[in-house]
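A.B. asks: here is my input; please provide its structure:
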Amino acid sequence: MPDSAFVQAGVAAKETQMLVVGATRDWAWEKELSFGRATGYWELAVGRWHSEGKGSQWVAQVGVTPVLRIYPHRWNEGWFIEGGIGANLLFPVYHSERKRFSTVFNFGDHIAVGKRFGDKQEHEVALRFQHFSNGGIEEPNPGEDFLQLRYSRQL
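C.D. replies: Numbers count the residues shown, from 1 in each chain. Just a heads-up that it's a prediction; the model follows:
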């Protein structure tokens, strides 16, 4: 069973928008560090990208990502930073007015800052920066960068 569900929206260079939904499963692992508490989760995401340009294109995204999260001791309760690198399938192969990917398989890495809130810390918002590319598997490999806003709810 998932531990939370999320919805996130993002934009890349004003020509591509994304809408993603998904679920997370918390790791049983947790470690107390000198600067904060570290933990993490698995993320399963399904989404759609839309790019304008010569016509328009819709791309489906399916991805799985392990995510490391840190709750710094010096920050107020609920604030966190996180990062992850996962595997994503984008089909058909993504292209926009300015960029064209060469593979369906791509890596998606992100960094984020967010806040948990609510009576039971059941809500969460995060601002994320996410980069997609095939990691040099095949050329061209221009990559695409998204600025995203995510809302999550504990289940």
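
A.B. asks: excluding its backbone neighbours, what's nearest residue 134?
C.D. replies: Among residues not flanking residue 134 along the chain, residue 103 sits closest, at 4.5 Å (C-beta to C-beta, 6 or more residues apart in numbering). For the C-beta atoms, the positions are set from N, CA and C on the backbone; glycine is no exception.

A.B. asks: residues contacting the one you found?
C.D. replies: Going by C-beta atoms under 8 Å, 6 or more residues apart in numbering, residue 103 touches 93, 134, 137-138.

A.B. asks: and the furthest pair within the residues you listed?
C.D. replies: Largest separation among the contacts of residue 103 by C-beta to C-beta: 93 and 137, giving 12.5 Å.

A.B. asks: ranges for the strands of this structure?
C.D. replies: 4-12, 16-26, 31-32, 36-53, 55-72, 79-91, 105-117, 123-133, 144-154 (DSSP state E).

A.B. asks: other SSEs contacting the second one?
C.D. replies: Translated: strand 16-26. The helices and strands touching strand 16-26, judged by 3 or more C-beta pairs under 8 Å, 6 or more residues apart in numbering; DSSP states H and E, are strand 4-12, strand 36-53, strand 55-72, strand 144-154.

A.B. asks: in CSV, list the strands of the chain along with distance to residue 99.
C.D. replies: Formatted as CSV, these follow (distance: least, C-beta to C-beta, whole Å):
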stretch, distance to residue 99
strand 4-12, 9
strand 16-26, 9
strand 31-32, 39
strand 36-53, 9
strand 55-72, 11
strand 79-91, 12
strand 105-117, 12
strand 123-133, 10
strand 144-154, 6
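
A.B. asks: export the helices and strands packed on strand 16-26 to TSV and tack on mean pLDDT and distance to residue 115?
C.D. replies: Shown next, in TSV, are the helices and strands packed on strand 16-26 (pLDDT from 0 to 100; distance: least, C-beta to C-beta, whole Å):
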stretch	mean pLDDT	distance to residue 115
strand 4-12	98	14
strand 36-53	95	14
strand 55-72	94	10
strand 144-154	98	11
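
A.B. asks: and these as TSV, adding distance to residue 118 and mean neighbour count?
C.D. replies: Converted to TSV, the helices and strands packed on strand 16-26 look like this (distance: least, C-beta to C-beta, whole Å; neighbours: other C-beta atoms under 10 Å):
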stretch	distance to residue 118	mean neighbour count
strand 4-12	12	17
strand 36-53	18	17
strand 55-72	16	16
strand 144-154	8	17
